[in-house]
Every structure is written in C-alpha cells, then in structure tokens.
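1. I'll drop the sequence and a predicted model, then ask my questions.
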Amino acid sequence: MSDFDFAVIANNLPFLMEGLQLSLWLTFLAMMGGIVLGTLLALMRLSGILPLSLFAATYVNLIRSVPLILVIFWFYFLVPLALGRPIGNFYSALIAFTLFEAAYFSEIIRAGIQSVRKGQAQAGQASGLNYWQIQRYIVLPQAFRNMIPILVTQGIILFQDTSLVFVVSLRDFMTVSSIVARTEGRLVEMYIFAAIVYFVICFAGSLFVRRLQKAKTA
C-alpha cells in the first residue's frame with residue numbers, strides 16, 4: 001500500500017464516470033419499468049380473475065426461481081435467435097433487468113396493497129367504482145406511500161446487480177474499473193476505489209430509507 005497511486009484514478013476519471021453513468025441509468029430505467037410492470041402483475045394477482053391471477057403467480061414464481069444472469073443470457077442470446085435479429089447488449093440487459101425486477105417489485109407492491117385497510121376498497125365499491133378504479137384512485141396512492149422505503153431498498157440491490165452486465169460486454173462501472181485495473185496494472189487502487197464508490201452510493205441510499213421509515217412512523 002506504500003506505493004498507492006491516486007493519479008491512476010484521476011487520469012481515468014472520465015472513463016470511470018461513463019461506466020458509473022451507465023450503471024445509474026440502467027438502474028433508473030429498470031427500476032421504473034419494473035415498478036410499472038410489477039404493479040400490473042400485483043393487480044392481476046389480486047384481481048380474483050383466475051386466468052390473470054394464475055398468469056401473474058406463475059410469472060413471479062418462475063422469474064424468482066432463476067438467477068438474474070440466466071435471464072440476461074436469455075435476452076442476449078435466445079431472444080435474438082427467436083426474432084431473427086439482434087436487439088443490442090444495452091436493450092438486452094435493460095429488458096432482462098426490468099422483467100426480473102418486476103417479479104420482486106410485484107411482491108412488494110402486492111404486500112403494500114394488502115396493507116391498506118379493506119374498508120377503503122369497500123368505500124370505493126359503495127361509490128360505484130370498479131376494481132381498477134378503486135386501485136388507481138384509492139388503494140395504490142396509499143400503498144405506494146407505505147412501500148417507498150422497501151422500493152428504494154430494492155433499487156439499491158438493483159444497482160449492485162448491474163455489475164452483472166459485463167457478461168454482455170456492457171461497460172458499467174465495475175467493468176470499466178476492471179479494465180483500468182488491468183491496463184494500468186493498478187488492481188489495488190481501482191478495486192478499492194470501486195468498493196468506495198459502491199459503498200457511498202448504497203450507504204447514502206440506506207440512510208435515505210431510514211429517514212423515510214422515520215418519517216412514516218412519526
């Protein structure tokens with residue numbers, strides 16, 4: 001550690017920031033898409049309509065039973081074969097992350113919906129609203145307020161998981177850190193720097209979750 005070289009980090013900082021930007025952008029897009037799709041799956045599962053409920057339950061259980069890296073491989077290798085054309089490594093990763101995270105967000109959202117008192121839905125029914133209107137105007141707004149800390153926690157996990165995109169040759173933050181470490185021959189500096197960046201971002205997210213939880217209980 002006596003010859004720790006900070007210059008290697010400074011000299012490659014623009015390249016490293018490009019990788020971090022990709023990781024954060026992928027996290028944001030996959031989180032937004034996962035929440036939207038997860039909400040739809042949760043509503044389908046709770047709808048009481050057997051075909052919709054069975055489809056949503058099967059999807060969630062299937063996706064949650066396979067590793068994320070396998071889902072990435074599906075969309076990078078198998079889907080282009082089925083379509084007869086490539087869809088690109090970024091979009092392959094984005095679709096895989098979105099569909100994978102949707103299964104987890106679905107369970108979070110389903111629990112959040114079930115946490116809303118049944119009297120709220122019954123009041124909506126008495127007002128003449130149908131199931132989807134009750135969910136949209138009454139249940140979901142209350143449920144999402146309860147779910148925000150857990151959704152943010154899942155987003156932190158998603159950010160950490162973006163390091164898996166190296167398997168489809170995407171240059172995320174972890175990948176570019178490894179490239180710099182090998183080309184510059186400074187493994188110690190780069191991997192310590194990468195660990196610090198991940199820690200700072202994830203720890204900041206954890207503090208935000210704690211603040212949300214305190215605000216909710218206050």
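-> Sure thing, it's come through. Residues are numbered from 1 along each chain as shown.

2. Can you list the residue ranges for helices in the chain?
-> For the chain, helices defined by DSSP state H occupy the ranges 7-11, 13-46, 50-64, 68-73, 79-83, 89-115, 118-126, 131-134, 140-161, 173-184, 187-217.

3. just so I know, which of the ones you listed lies nearest residue 167?
-> Checking these against residue 167 by C-beta to C-beta gives helix 68-73 as the closest, at 6.1 Å. C-beta coordinates here come from the backbone N, C-alpha and C atoms, glycine included.

4. in the closest one, what counts as buried?
-> Across helix 68-73, burial judged by 16 or more other C-beta atoms under 10 Å covers 71-72.

5. ok, now how distant is residue 20 from residue 60?
-> From residue 20 over to residue 60 the distance is 31 Å, taken as C-beta to C-beta, to the nearest Å.

6. of the two, who's got more company?
-> residue 60 (22 against 19; other C-beta atoms under 10 Å).

7. what sits against the more buried one?
-> 41, 45, 103, 106-107 (C-beta atoms under 8 Å, 6 or more residues apart in numbering).

8. Mean pLDDT and distance to residue 167 added to the helices of the chain, as a markdown table?
-> A markdown table is the format used below for those (pLDDT from 0 to 100; distance: least, C-beta to C-beta, whole Å):
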| stretch | mean pLDDT | distance to residue 167 |
| --- | --- | --- |
| helix 7-11 | 87 | 26 |
| helix 13-46 | 93 | 14 |
| helix 50-64 | 94 | 18 |
| helix 68-73 | 91 | 6 |
| helix 79-83 | 78 | 15 |
| helix 89-115 | 91 | 9 |
| helix 118-126 | 79 | 44 |
| helix 131-134 | 80 | 39 |
| helix 140-161 | 87 | 12 |
| helix 173-184 | 92 | 10 |
| helix 187-217 | 87 | 18 |
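
9. List the contacts of residue 80.
-> With C-beta under 8 Å, 6+ apart, residue 80 has these contacts: 86-87, 92.

10. Quick one, which of the residues you listed are buried?
-> residue 92.

11. Quick check: the gap between residue 100 and residue 42.
-> Where residue 42 is concerned, residue 100 sits at a distance of 16 Å (C-beta to C-beta).
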